[in-house]
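Q: Any chance you can model this:
(2 chains)
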Amino acid sequence: MIDPRIIRERPDDIRHMLQCRAVDYDLDALVLCEQERRRHMADTDRLRQERNDCGRTISASKKSGEDAGLLIKHMKVVSARLQVQEIAQAANEEKYQKLIRSIPNMIHDTVPVGPDDTANAETGRWGPTDSKPGNHISVAGDLLDMERASKVAGSRFYYLKDGLVRLNYALLSYALDHLSKYGYVLVQPPYMINRQSMEGAIIAEDFEDVIYKIQDKDLYMIGTSEHAMAAMHSDEIIDGKTLPLRYAGVSPCFRKEAGAHGTDQKGIFRVHQFEKVEQFVYTKPEQSWAEHQRMLCISEQFYKSLEIPYRTVILSSGDMGKVASKTYDIEAWMAGQSAYREVVSCSNCTDYQARRLMIRYRDRTNDKPQYLHTLNSTLVATTRTMVAIMENHQRADGHIDIPKPLQSYMNLKVI
RNA sequence: GCGGGGAUCGCCUAGCCCGGUAGGGCGUGGGAUUGCUAAUCCCAUGUCAGCAAUGACUCGGGGGUUCAAAUCCCCCUCCCCGCGCCA
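A: Predicted structure coming up:
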């Protein structure tokens, strides 16, 4: 949620943002609704004050033994008017919340403006980019069984076997150790969370396309541990001395991929379920942009250590997610496809999630609480990184070289 | 799943039976004072709007009764104790 003051003070900035994101949104409706909201609040306040004053008078006159009949009669009238007013206000409030919560986040100045990924701005490259003969499906061979998975669960599911199972778990263990080294607290979150929590982390329209719901329960499967970790401190005021809070979330991720018909159909690059280690950080506003760089750097170190060539890009205004103010992607070189493909997404969501989830901080007892900033970045989504390892580290004999840092986690050098 | 007991402003707690401005302690912040520390004393300390004076909201959540609900009634969530089941 954006700061409502922007609606009043700088509506043109919002219009500009909406245009950059190519989002269709009726801002005038919100501006009107927000004006009504303030009027409703004032009206309700006035009536409540009258009711409270009257109640106090009744109480006092009863204590002194006087007849309060007339006062009670008057209070009945006030209460009735208040009830009507409160209903009107509630209706307005619901409309307002719906409108304001569907506005995307404001965009940072350094984000390139453009309609889609063709406008993304490359910011760096690492490693060689030679082509190799096998894509990950052919390299995996018997270690990956897509056919039986589709029989049992449907498309975009998979059975991993032997070496790939070990590789999957080795990546997770190594990733957790990597983040521990940088002072992150390891977190294994709930894999299902309630609607209110989910709505704090994502925008309503994304529910339909990515989130699985548990039937007959107010529970949703997390699409990433980010969702559970953003909501972890909801409705809290955090002691500023403890910031930044750096969490390494590890969890399975479940995604409907409803909007992705036909794309990345083959293999395990785009699937309904995978494991991920995620960086999630709460910072003070003035620290968040430095933290954003730090998180990207930590993820880059990880891919360098695995000898996976990559490039970094800033997502353009049209390609970026709605809650992010700025997003870097790391795209790994997939030697079997001779293409860079996304493996990491590193976003500063500024105060957008914090406002939705009411997460604030203050440095001293009597200070006014302030919204903090939340950031998230993939460290490793195991399926995609396994694709990168298989394609880049494939050998002529059909085996796969295991990157050095993973060897001790697997007790294997080759699979 | 069944029975019983709970949820109050960071923590602890009073208030609930008997409806009428949510009180105290600890902790925390600021200040005073004394060589230092400690101790002591004063002020502040739930949230929101406001420059402020003020005002509104707030007793796990949602309904209801009432002129008026922390308090009475109903539903839900979570926690504790006992029993049952269980990786």
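Q: Show me which residues of chain A sit near RNA strand B.
A: A:44-45, A:48-49, A:51-53, A:55-56, A:58-59, A:62-63, A:72, A:75-76, A:78-79, A:237, A:360, A:364-366, A:368-369 (Cβ under 7 Å from any atom of the strand). No exception for glycine: its C-beta is placed from N, CA and C like everyone else's.
Q: Give me the subset of those lying in strands.
A: With DSSP state E as the criterion, strands contain A:237, A:360 from among these.
Q: And the residues of chain A next to RNA strand B, which of them are buried?
A: A:44, A:58, A:75, A:78, A:360 (16 or more other Cβ atoms under 10 Å).
Q: Now do the same contact list for the fourth one.
A: Remark: with contacts taken as Cβ atoms under 8 Å, 6 or more residues apart in numbering, residue A:78 is in contact with A:47, A:50, A:51, A:54.
Q: Report pLDDT for the closest residue to RNA strand B within the stretch 301-415 of chain A.
A: In the stretch 301-415 of chain A, the residue that lies nearest RNA strand B is residue A:365 (3.9 Å; Cβ to the nearest atom of the strand). Residue A:365 carries a pLDDT score of 74 in this model.
Q: Tell me how far it lies from residue A:410.
A: From residue A:365 across to residue A:410, the span is 51 Å (Cβ to Cβ, to the nearest Å).
Q: where does chain A dip in pLDDT?
A: Across chain A, nothing is flagged by pLDDT under 70.
Q: those helices in it, which residues are they?
A: Taking DSSP state H, the helices of chain A run over residues A:4-9, A:11-21, A:27-63, A:69-101, A:136-140, A:146-152, A:163-181, A:195-201, A:204-210, A:225-232, A:288-305, A:352-357, A:382-392, A:404-410.
Q: With distance to residue A:126 added, can I get the ones you listed in a markdown table?
A: Formatted as a markdown table, the helices of chain A follow (distance: least, Cβ to Cβ, whole Å):
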| stretch | distance to residue A:126 |
| --- | --- |
| helix A:4-9 | 38 |
| helix A:11-21 | 29 |
| helix A:27-63 | 42 |
| helix A:69-101 | 39 |
| helix A:136-140 | 20 |
| helix A:146-152 | 31 |
| helix A:163-181 | 17 |
| helix A:195-201 | 31 |
| helix A:204-210 | 30 |
| helix A:225-232 | 25 |
| helix A:288-305 | 6 |
| helix A:352-357 | 30 |
| helix A:382-392 | 12 |
| helix A:404-410 | 16 |
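Q: who wins for proximity to residue A:110 among these?
A: helix A:288-305 (9.3 Å; Cβ to Cβ).
Q: For that closest one, which outside residues touch it?
A: Against helix A:288-305 from outside (Cβ under 8 Å, 6+ apart): A:126-127, A:175, A:178-179, A:182, A:244, A:279, A:281, A:283, A:310, A:312, A:326, A:328, A:330, A:332, A:343-344, A:346, A:348, A:350, A:373, A:375, A:377-380, A:388, A:403-405.
Q: Of these, just the buried ones, ChimeraX syntax please.
A: Burial among these is assessed by 16+ other Cβ under 10 Å; the matching ChimeraX selection reads:
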select /A:175,178,179,244,279,281,283,310,312,326,328,330,332,343,344,346,348,350,373,375,377,378,379,380,388,403,405
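Q: looking at the sheet around the residue of the stretch 101-250 of chain A found nearest RNA strand B, what are its partners?
A: Closest contact between the stretch 101-250 of chain A and RNA strand B, by Cβ to the nearest atom of the strand, is at residue A:237 (6.1 Å). Legend: beta-bridge partners of residue A:237 under DSSP bridges are residue A:360.
Q: ok, now residue A:124?
A: With DSSP bridges as the rule, residue A:124 is bridged to residue A:312.
Q: For it, grab the count of nearby residues.
A: 12 (other Cβ atoms under 10 Å).
Q: And residue A:351, by the same measure?
A: Neighbours of residue A:351 using other Cβ under 10 Å come to 22.
Q: Can you tell me how far it is from residue A:371?
A: Counting by Cβ to Cβ, the gap from residue A:351 to residue A:371 is 4 Å.
Q: what sits in contact with each of those two?
A: residue A:285.
Q: about what we covered before: out of the helices of chain A, which gets nearest to residue A:118?
A: Here helix A:11-21 is closest among these (Cβ to Cβ), at 14.9 Å.
Q: Outside of the closest one itself, which residues are in contact with it?
A: By Cβ under 8 Å, 6+ apart, helix A:11-21 touches A:2, A:6-7, A:24-25, A:27, A:31, A:103-104, A:106-107, A:111, A:113, A:317-318, A:320, A:322.
Q: which of those residues are buried?
A: Buried among the contacts of helix A:11-21 by 16+ other Cβ under 10 Å: A:2, A:7, A:25, A:103, A:104, A:106, A:107, A:111, A:317, A:318, A:320, A:322.
Q: got the contact list for the nearest residue to residue A:125 once chain neighbours are set aside?
A: In this structure, residue A:125 finds its nearest non-sequential neighbour in residue A:311, 4.4 Å apart by Cβ to Cβ, 6 or more residues apart in numbering. Residues near residue A:311 by Cβ under 8 Å, 6+ apart: A:122, A:124, A:125, A:126, A:330, A:331, A:333, A:340.
Q: Can you name the residues bridging to the closest residue to the last one other than its chain neighbours?
A: For residue A:340, ignoring the flanking residues on the chain, the nearest one in space by Cβ to Cβ, 6+ apart is residue A:331 at 3.7 Å. According to DSSP bridges, residue A:311, residue A:342 are recorded as the beta-bridge partners of residue A:331.
Q: tell me the contacts of residue A:331?
A: By Cβ under 8 Å, 6+ apart, the neighbours of residue A:331 are A:310, A:311, A:312, A:313, A:340, A:341, A:342, A:343.
Q: how close does residue A:165 get to residue A:213?
A: 29 Å.
Q: and what of residue A:66?
A: 59 Å.
Q: quick one, which of the two is more surrounded?
A: Legend: neighbour count by other Cβ under 10 Å for residue A:66 and residue A:213, higher for residue A:213 (15 against 11).
Q: Around the residue lying closest to that one once chain neighbours are set aside, how many other residues sit close by?
A: Nearest residue to residue A:213 in three dimensions, chain neighbours excluded: residue A:220, at 5.4 Å (Cβ to Cβ, 6+ apart). Residue A:220 has 23 neighbouring residues, counting by other Cβ under 10 Å.
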